[in-house]
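1. quick one: sequence plus predicted model below, questions after.
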Amino acid sequence: MSRSFLFVLLVTVLALGPGCAAVVAGAAAAGTMSYVSNESARTYPATVEATWMATLEALREVGYPVDPSVPFGRDGSDFEVEDAKVQVRGGEQAGTTRVWVRVGTFDSAEHRQKAARILDAIGRRIGGKS
């Protein structure tokens with residue numbers, strides 16, 4: 001749901017009564033929780049640059065149309081392609097990189113499996129995972 005839709009819905013429900021507002025607030029919080037929990041992450045024993053290239057290749061392998069000119073920052077990058085959101089950052093230990101992948105809007109077995117396939121494909125290219 002878009003934020004503007006939720007805002008209009010909330011204003012409408014507030015006009016109807018406080019009991020309805022509690023129901024809408026609870027439903028909105030549940031949707032947000034599902035969205036936040038629909039994310040997988042792994043740390044790889046490789047530089048950010050190497051992991052970035054492996055991530056782009058992994059996304060292509062899984063079927064995403066990734067442009068090779070996706071901008072890359074010195075410390076990593078964030079980008080979206082279709083229903084996947086990816087974040088690549090330097091890991092907590094030197095020489096490691098952390099990758100977060102979120103597929104779809106809500107948590108589902110299908111989205112978790114697709115995110116795992118992406119992370120597994122990165123691991124195969126890097127030569128290890130943790």
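-> Received it, and whenever you're ready, just let me know what you need. Numbers count the residues shown, from 1 in each chain.
2. what domains does the record give for the chain?
-> 3-36, 39-126 (automatic domain parsing).
3. now the shortest one: average pLDDT?
-> Right, domain 3-36. For domain 3-36, the mean per-residue pLDDT is 47.
4. check the longest one too.
-> pLDDT averaged over domain 39-126 equals 89, rounded to a whole number.
5. helix/strand/coil for Phe106?
-> Secondary structure assignment for Phe106 (DSSP: H, G, I helix; E, B strand; the rest coil): coil.
6. try Arg98
-> Following three-state DSSP, the label given to Arg98 is strand.
7. could I get the domains of the chain as a markdown table with mean neighbour count?
-> Backbone N, C-alpha and C define where each C-beta goes, glycine included. A markdown table is the format used below for those (neighbours: other CB atoms under 10 Å):
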| stretch | mean neighbour count |
| --- | --- |
| domain 3-36 | 12 |
| domain 39-126 | 17 |
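8. hang on, Arg102 packs against Asp78?
-> No. Using CB atoms under 8 Å, Arg102 is not in contact with Asp78; the gap is 10.7 Å.
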